[in-house]
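Chemist: Structure for this input, please:
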Amino acid sequence: MAFDNSIVDIKQQVNIVDVIGREVNLKKAGSSYKGLCPFHNEKTPSFSVNEQGQYFNCFGCGRKGDVFRFVMDYYKLPFMDAVDKICGEYGIKKPEWGSRGPKIDYDKYHAINAKAARFFYNCLGKIPNKGISYLSSRGLKKETITAFGLGYAPPDGTALTDYLRSQGISDDDLLMLGLSSQGKNGLYDKFRDRVIFPIINSNDKVIGFGGRAIGDAMPKYLNSPESSIFLKKNNLFGLNLTRREISDADRAIMVEGYMDLISLYQAGIKNVAASLGTALTDNQARLICRYSKNIVLAYDSDQAGINAALRGISVIQGAGGKARVMNVTDGKDPDDFVKKHGKDAFLKLADNATAATDYRIRLAAKDFDLSDDRQVLDFIDRVVPILRSLGPVEQDMYIRKLSEKVGISEHAISLAVNSDNTRAKTSRPSRPLNINRRDYKQENSLLERLEIALLLLASTDYRYLNRLSEDGIIIRTALADKVRSAEESLVNNIKPGALGIDLNEISELLDPDDEAAFRKYLKSIKIGHDDEAFYKQTKAAYFINNYRVEKTELQSELAVAEKLGNTEEVERIATALIELDKKINRLTEDVNG
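Modeler: Numbering: from 1, shown residues only. Reported below is the predicted structural model:
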């Protein structure tokens, strides 16, 4: 079921500085932005925009308000039209308006969730219980438990449902908020025998819950379903408590899990936020960047954490932030590390976090033996797209660093970077195609379609996700990468015995524009009855596409080598072209046969 965005959710997705900056020339002034007031004539700026608080104020004429008030006053619009204008410009789903405003009573739902949170908290206080035993075993103090409002869902199947019904809450509301589920014998509690983490938005409203299983129950973490007041992609765990510390420190430490954040907070590291156990989204990145543009990613040190860091770098940079990656040594995650080594040791790691570009290049270097000339060339080929994503000054600096590292001249590396006279506008977590500008849109569209087709197959049988990696298929296009991230996060909570992933759940983890594009592919791609045949044919088409692009690049290199009279290089490239033609022909037979 899909729900409308609340006014609060819309405000969280839109930055008032961006909206007003379209009409007013704003300049940074301390913690705010200033400009000439658009509502009265003045020569000295008295119009101030506060990015953290998301409000404007003119000290000259007294006009002030939030982003909706600015749009209403500046464009002379009624409230509902102002909301519709903002939603249209930012690709946000518009609310369904009734005769007096939004149909959904957000205050009512927030109040119900607050009652549920108080119930869970009180249950945790009824010692002894397994919830308090678990939290004590994780080293949490009473004041920390109180600060986060942690609770316990008793094993009794209808305890919460019965309590909320006694408070006059309807069954429809309990189901809508995901506090209860429908069974054969009536409603029962969704959360049972779990430690409860209330999820509170930056406006201090309880919007949902996360439940951690005690023991071996599955799934390990159970979250409230997406609803009219709870969209995971728009919120960050803990930000209600930590936003001031993030702003004061001008640095946010991003972690993945509830316990990572809570352990750091208890240790005195309070400029931290968590991404609700999912890959960092564009909206979450925009939200955290309101409080600081300097983001340190402190994810787990395993491969999943590395992948999350690469995705995080991309979305943070897309939101205008500066990303660094922290190497959490001697411990699987921040929770383990800070308990073992303490606050000062953790902050030292944060201070020494690796800049995003250095991190991506170092990670790429691990795949190559840089004492082997052939692998050096492959390494350069891998990092060229990274260099293309940089601004001219940063790009020049890293070209110089690479030249010193691998013993290839700066001129040669620069030539490779600028060979197609283009610049990627955003960084990408994996190597994008290097093709001519006139071919880019067509080739990229084909590649995206092939990648989405493979991922749609993986959604019907998630075992194909591993096949993609095993067969050397690298997801390169931005939309496909987000779909893959969504699938990987959902696989972790898949029901025992199930092979498929709900496509609607994938869509809910995407931003509105990406969701629209993804649903277009859903309508146009047909897998058929034979999954394996579809996989083999699509995989073959994927590699044909890549080989053809590689062939175009080699033909350009061949022309340069011939012009320079480099006979050895001409022979090498000619041999490579012959081998590529053989590969393309073999795969074409597979696709057609």
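
Chemist: Can you check what pLDDT the model gives residue 532?
Modeler: With respect to pLDDT, residue 532 scores 84.

Chemist: Can you give me the neighbour number for it?
Modeler: 11 (other C-beta atoms under 10 Å). In this view, the C-beta of every residue, glycine as well, is placed from N, C-alpha and C.

Chemist: ok, then the element right after whatever helix or strand it lives in?
Modeler: Per DSSP states H and E, residue 532 falls inside helix 531-564. Next along the chain after helix 531-564, taking DSSP H and E as the criterion, comes helix 567-592.

Chemist: mind listing what's buried in that following helix?
Modeler: 570, 573, 577, 580, 584, 587 (16 or more other C-beta atoms under 10 Å).

Chemist: cool, and stretch 315-323?
Modeler: By neighbour count on 16+ other C-beta under 10 Å, the buried set for stretch 315-323 is 315-319, 321-323.

Chemist: measure it end to end?
Modeler: The straight-line separation of the ends of stretch 315-323 (C-alpha to C-alpha, to the nearest Å) is 9 Å.

Chemist: Could I get the average pLDDT for it?
Modeler: 89.

Chemist: Mind giving me the packing neighbours of the helix holding residue 532?
Modeler: Under the contact definition 3 or more C-beta pairs under 8 Å, 6 or more residues apart in numbering; DSSP states H and E, helix 531-564 sits against helix 437-460, helix 463-470, helix 567-592.

Chemist: tilt between it and helix 567-592?
Modeler: Here the directions of helix 531-564 and helix 567-592 differ by 160 degrees (axes from the mean of the first three to the mean of the last three C-alpha atoms, to 10 degrees).

Chemist: how about helix 531-564: buried residues?
Modeler: Quick answer for helix 531-564 (16+ other C-beta under 10 Å): 534-535, 537-547, 549-554, 557-558, 561.

Chemist: re the thing from before, and the buried residues of helix 567-592 as a markdown table, adding pLDDT and distance to residue 206?
Modeler: Output for those, formatted as a markdown table (pLDDT from 0 to 100; distance: C-beta to C-beta, whole Å):
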| residue | pLDDT | distance to residue 206 |
| --- | --- | --- |
| 570 | 81 | 69 |
| 573 | 86 | 63 |
| 577 | 85 | 62 |
| 580 | 86 | 58 |
| 584 | 86 | 57 |
| 587 | 83 | 54 |
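
Chemist: any idea which of those is closest to residue 105?
Modeler: The shortest gap between residue 105 and any of the buried residues of helix 567-592 belongs to residue 587, at 57.5 Å (C-beta to C-beta).

Chemist: Might you list the low-confidence residue ranges for the stretch 1-150 of the chain?
Modeler: Scanning the stretch 1-150 of the chain for pLDDT under 70 picks out 1-6, 96-104.

Chemist: so where do the helices sit in it?
Modeler: Using DSSP state H, counting those that start in this stretch, the helices found in the stretch 1-150 of the chain span residues 7-13, 16-21, 67-75, 79-90, 106-125, 130-137, 142-148.

Chemist: contacting residues around the first one?
Modeler: Among residues not part of helix 7-13, those counted as contacts by C-beta atoms under 8 Å, 6 or more residues apart in numbering are 5, 54, 66-68, 83, 86-87, 90, 92, 95, 102, 106, 201-203, 205, 229, 231, 234-235, 283, 286-287.

Chemist: do the fifth one as well
Modeler: For helix 106-125, the external contacting residues (C-beta under 8 Å, 6+ apart) are 6-8, 129, 131-132, 135, 145, 149-154, 159-160, 163-164, 167, 169, 173-174, 176-177, 179, 191, 196, 198, 205-209, 227-229.
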